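Student: okay, here's the prediction I keep looking at, along with the sequence it came from:
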Protein chains: 2
Amino acid sequence: MFTVALAKGALLQESVSMFSDVGLDFSAVLDDSNRQLMVPSACGRAKALLVRNSDVPVYVSYGQAQLGIVGFDVLQEQKLQVSNLVDLGFGECHMSVAVKSSSGYLSASDLPPNCRVASKFTNCAKHFFDQIDLPVQLVHLSGSVELGPITGMAEAIVDLVATGRTLRDNGLVEIEELFKSSARLVGHPLSLRLDKGPLQEIIDSIQIQSQTNLLSDGKK
Amino acid sequence: MFTVALAKGALLQESVSMFSDVGLDFSAVLDDSNRQLMVPSACGRAKALLVRNSDVPVYVSYGQAQLGIVGFDVLQEQKLQVSNLVDLGFGECHMSVAVKSSSGYLSASDLPPNCRVASKFTNCAKHFFDQIDLPVQLVHLSGSVELGPITGMAEAIVDLVATGRTLRDNGLVEIEELFKSSARLVGHPLSLRLDKGPLQEIIDSIQIQSQTNLLSDGKK
């Protein structure tokens, strides 16, 4: 029996559907009345841990879950010891620098040195501004990062953008993309090395399934 | 005009009611259809920023809000530069060490050295275990900390306890209390020094109101 860490929220529905395609039925976690955080698959071969997006790599890196599904953005922010196995192709978004549309800044290098940048992803932001040699003062926020520039606390934000609606609704505009993100299948490195077959079978099936999905979406 | 940072979630209703008692009506933030994060008071003298619990001290420490209401637990965890002005007496809970009830540990000093402790409040946890001279390995989680001991990833957790129901439902038991928490009125130190009267009036009224509430609750 192995354990799979699934992220609550935006990725959950497609994560369950991905495992269902390879024969593991975790649909019980989608039931609104479910309050269990640990749910066995219908076949009894595996169980799912239902955790926060940012906790998926923690459970996988400690080996409490052998596999997990999580956004690439979380992997980039945390840099924990997990194997990045398959790009699942759903949950697509990108990490961007955004500013007030009235600010006049057209690229990240236009920002004044030592300006303030608000973000939930301060490690990603630090890495980016280090790369372009612009010293900035990072302000860590846990939510509603768009309030940073609106209140005047920060000149810019670094945040995940999916449709761009939140930015537009708040008068913000993207000026630079750090990287693209999508859901990834991750694994516990030691469990993968010691695996006698069952984990690799699931990983191979998910790999084939996700390529099939990509092809049928015409994204070849 | 001054700005007040209010925490979404458990403290919001009583925070709004506290400001209403001293003549500032922010009840618009309680409207389920409200999607604004910045809401003016009915009288136009102030505005409210609606942010995450852990972001309240950030906005207040940078002076984007002159006042804020936030749990003492958040202040203890973050240690940002804000003035802790009034204990408002609501939102009471406590920070505790908890373990599996089957574990046999009766106090924190029973825990084995270098054991793993999962928490959202890793700074508070580190401070506590440093004080009792017990080296532990801290595992930062963002939610559902009770899964730490259940999955076997951690021997203990440090978490906020209000009614204790979550612990009981998960077979966990408290073995030590770190500190008690409740909602606090906090202020931006420089704004308070430069204030010509209006901020201090609000603070004084809230102080009197919260003492009146304590007396009428028979908690004298």
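Tutor: Perfect, thanks for sending it.
Student: from now on I want contacts and neighbour counts done on CA atoms only, so please keep to that.
Tutor: Will do.
Student: what comes into contact with stretch A:121-132?
Tutor: Identification of contacts with stretch A:121-132 by C-alpha atoms under 8 Å, 6 or more residues apart in numbering or on different chains yields A:76-78, A:109, A:119, A:135-136, A:138-140, A:158-159, A:178.
Student: next one: that stretch to chain centre, how far?
Tutor: Relative to the centre of its chain, stretch A:121-132 is centred 17 Å away, using C-alpha atoms, centre = their mean, to the nearest Å.
Student: which residues touch residue A:68?
Tutor: Contacts of residue A:68 (C-alpha under 8 Å, 6+ apart): A:4, A:5, A:6, A:56, A:57, A:60, A:185, A:186, A:187.
Student: from chain B, how far out is it?
Tutor: Plainly put, residue A:68 is 15 Å away from chain B if you go by C-alpha to the nearest C-alpha, to the nearest Å.
Student: chain neighbours aside, what residue packs nearest to that residue?
Tutor: Once flanking residues are discounted, residue A:68 sits nearest to residue A:5: 4.4 Å by C-alpha to C-alpha, 6 or more residues apart in numbering or on different chains.
Student: quick one on the thing from earlier: in TSV, list the contacts of residue A:68 along with neighbour count, distance to residue B:201 and pLDDT.
Tutor: Below are the contacts of residue A:68 laid out as TSV (neighbours: other C-alpha atoms under 10 Å in any protein chain shown; distance: C-alpha to C-alpha, whole Å; pLDDT from 0 to 100):
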residue	neighbour count	distance to residue B:201	pLDDT
A:4	28	55	97
A:5	29	51	97
A:6	27	50	97
A:56	27	47	98
A:57	30	49	98
A:60	26	52	98
A:185	23	56	98
A:186	29	55	98
A:187	27	57	98
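Student: in those, find the pair that's most separated.
Tutor: Greatest spatial distance among those (C-alpha to C-alpha): A:6 and A:187, at 12.1 Å.
Student: gap between the residue sitting nearest the centre point of chain A and chain B?
Tutor: Centroid-nearest residue in chain A, with C-alpha atoms, centre = their mean: residue A:71, separated by 1.9 Å. Using C-alpha to the nearest C-alpha, residue A:71 is found at 15 Å from chain B.
Student: domain map for chain A?
Tutor: Annotated domains of chain A cover A:2-91+A:182-216, A:93-180 [automatic domain parsing].
Student: nearest to residue B:19, of those?
Tutor: domain A:93-180 (21.2 Å).
Student: just the ones of the contacts of residue A:68 in strands?
Tutor: Using DSSP state E, the members of the contacts of residue A:68 that fall within strands are A:4, A:5, A:6, A:185, A:186, A:187.
Student: give the contact list for residue A:150.
Tutor: When contacts are counted by C-alpha under 8 Å, 6+ apart, residue A:150 touches A:100, A:170.
Student: that one sits in which helix or strand?
Tutor: Using DSSP states H and E, the element containing residue A:150 is helix A:147-151.
Student: cool, residue A:98 as well?
Tutor: Going by DSSP H and E, residue A:98 is part of strand A:93-100.
Student: which residues in chain A form helices?
Tutor: A:12-21, A:56-61, A:72-78, A:122-131, A:147-151, A:165-169, A:189-194, A:198-216 (DSSP state H).
Student: pull up the residues of chain A that are close to chain B.
Tutor: A:37, A:51-52, A:54-55, A:58-59, A:62, A:64, A:141-144, A:147, A:151-153 (C-alpha under 8 Å from any C-alpha of the partner chain).
Student: and the buried ones among the residues you listed, selectable in ChimeraX?
Tutor: Entered in ChimeraX, the line below selects the buried ones among these, by 16 or more other C-alpha atoms under 10 Å in any protein chain shown:
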select /A:51,52,54,55,58,59,62,64,141,144,147,153
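Student: low-confidence stretches in chain A?
Tutor: Across chain A, residues meeting the criterion (pLDDT under 70) sit at A:218-220.
Student: try it again with 50
Tutor: Under the criterion pLDDT under 50, the flagged ranges of chain A are A:220.
Student: quick one: the residue nearest to residue A:68 from residue A:185, how far?
Tutor: 10 Å (C-alpha to C-alpha, to the nearest Å).
Student: again, but for residue A:115
Tutor: Noted for residue A:115: a distance of 36 Å to residue A:185, by C-alpha to C-alpha.
Student: residue A:156 too?
Tutor: Taking C-alpha to C-alpha, one finds residue A:156 at 32 Å from residue A:185.
Student: same question, residue A:198
Tutor: 15 Å.
Student: who touches the residue lying closest to residue A:144 once chain neighbours are set aside in this structure?
Tutor: The shortest distance from residue A:144 to any non-neighbouring residue, by C-alpha to C-alpha, 6+ apart, is to residue B:51 (7.0 Å). Listed by C-alpha under 8 Å, 6+ apart, the contact set of residue B:51 reads A:143, A:144, B:5, B:6, B:7, B:8, B:37.
Student: looking at those, which is nearest residue A:43?
Tutor: Distances from residue A:43 to those, taken by C-alpha to C-alpha, are shortest for residue A:143, at 38.2 Å.
Student: now the closest one: phi and psi?
Tutor: phi -160, psi 170 (degrees, to the nearest 10).
Student: hmm, residue A:120 and it touching each other?
Tutor: Yes. Applying C-alpha atoms under 8 Å, one finds residue A:143 in contact with residue A:120, separated by 7.0 Å.
Student: now residue A:114, nearest residue through space, not along the chain?
Tutor: Nearest non-adjacent residue to residue A:114, counting by C-alpha to C-alpha, 6+ apart: residue A:136, 4.2 Å away.
Student: burial count for that neighbour?
Tutor: Residue A:136 has 18 neighbours, counted by other C-alpha atoms under 10 Å in any protein chain shown.
Student: pull the longest strand from chain A.
Tutor: With DSSP E applied, the strand covering the greatest number of residues in chain A is identified as strand A:172-181.
Student: distance to residue A:215 added to the ones in strands among the contacts of residue A:68, as CSV?
Tutor: Converted to CSV, the ones in strands among the contacts of residue A:68 look like this (distance: C-alpha to C-alpha, whole Å):
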residue, distance to residue A:215
A:4, 26
A:5, 27
A:6, 25
A:185, 18
A:186, 22
A:187, 24
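Student: what about the residue nearest to residue A:114, distance to residue A:144?
Tutor: 20 Å.
Student: next one: residue A:92
Tutor: Taking C-alpha to C-alpha, one finds residue A:92 at 20 Å from residue A:144.
Student: now the end-to-end length of stretch A:161-173.
Tutor: Taking C-alpha to C-alpha, stretch A:161-173 runs 11 Å from one end to the other.
Student: and it, which residues are buried?
Tutor: Buried residues in stretch A:161-173 (16+ other C-alpha under 10 Å): A:161, A:167, A:172, A:173.
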